[in-house]
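Student: Quick one: sequence plus predicted model below, questions after.
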Amino acid sequence: MTHALIWGLCAIIGVLMFVIGVILLSDYEFRIGNPKFAHILTYLWVLLLSTFGGLASFARRIKSGEAIVHPVRDLFVDLLISGFVGLLSFWLTIYGSIDYPLNAVLIGVSAHMGTRGLIFMEHLVETRLRALMESRK
């Protein structure tokens, strides 16, 4: 698959994500509370923003000249990882009572970080649990 075809695929996906995002955000009402009761539109914009971060990460890898052997598979994996990280970030922003638009920034940045974002979150959880366990001694 040529780089021009990959860039075209990224551009088409990006435009579609942008259009869907504008439609979803035009009717957006953010609710703070238990994430399992959050409105479905909230989850849609979180996943859309997260996968957009993954798409940006994939495009950065192409632009940097990184060898991509299986572009479709690598794009899918980047979108999957960034969607997962974005969802975790969303729940962390709810836990921390962080309002929109700051939560959108944190979701987008962490989704763009991908596995680096997971490692960062793992470190946060580990530090927090260690402090909790030491306070109970």
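Tutor: On my side now, so go ahead.
Student: Low-confidence stretches in this structure?
Tutor: 1-8, 10-11, 14-40 (pLDDT under 70).
Student: Please repeat the previous calculation with a cut-off of 80.
Tutor: 1-44, 66-69, 100, 137 (pLDDT under 80).
Student: Just checking the distance from the helix or strand where residue 121 lies to the centre of its chain.
Tutor: Taking DSSP states H and E as the definition, residue 121 sits inside helix 115-135. In terms of C-alpha atoms, centre = their mean, to the nearest Å, the centre of helix 115-135 is found 19 Å from the chain centre.
Student: List of residues touching that helix?
Tutor: Helix 115-135 is touched from outside by 81, 84-85, 88-89, 92, 109-111, 113, with contacts defined as C-beta atoms under 8 Å, 6 or more residues apart in numbering. All C-beta spots, glycine's among them, are computed from the backbone N, C-alpha and C.
Student: how about a cut-off of 7 Å?
Tutor: Applying C-beta atoms under 7 Å, 6 or more residues apart in numbering, the contact partners of helix 115-135 are 81, 85, 88, 110-111.
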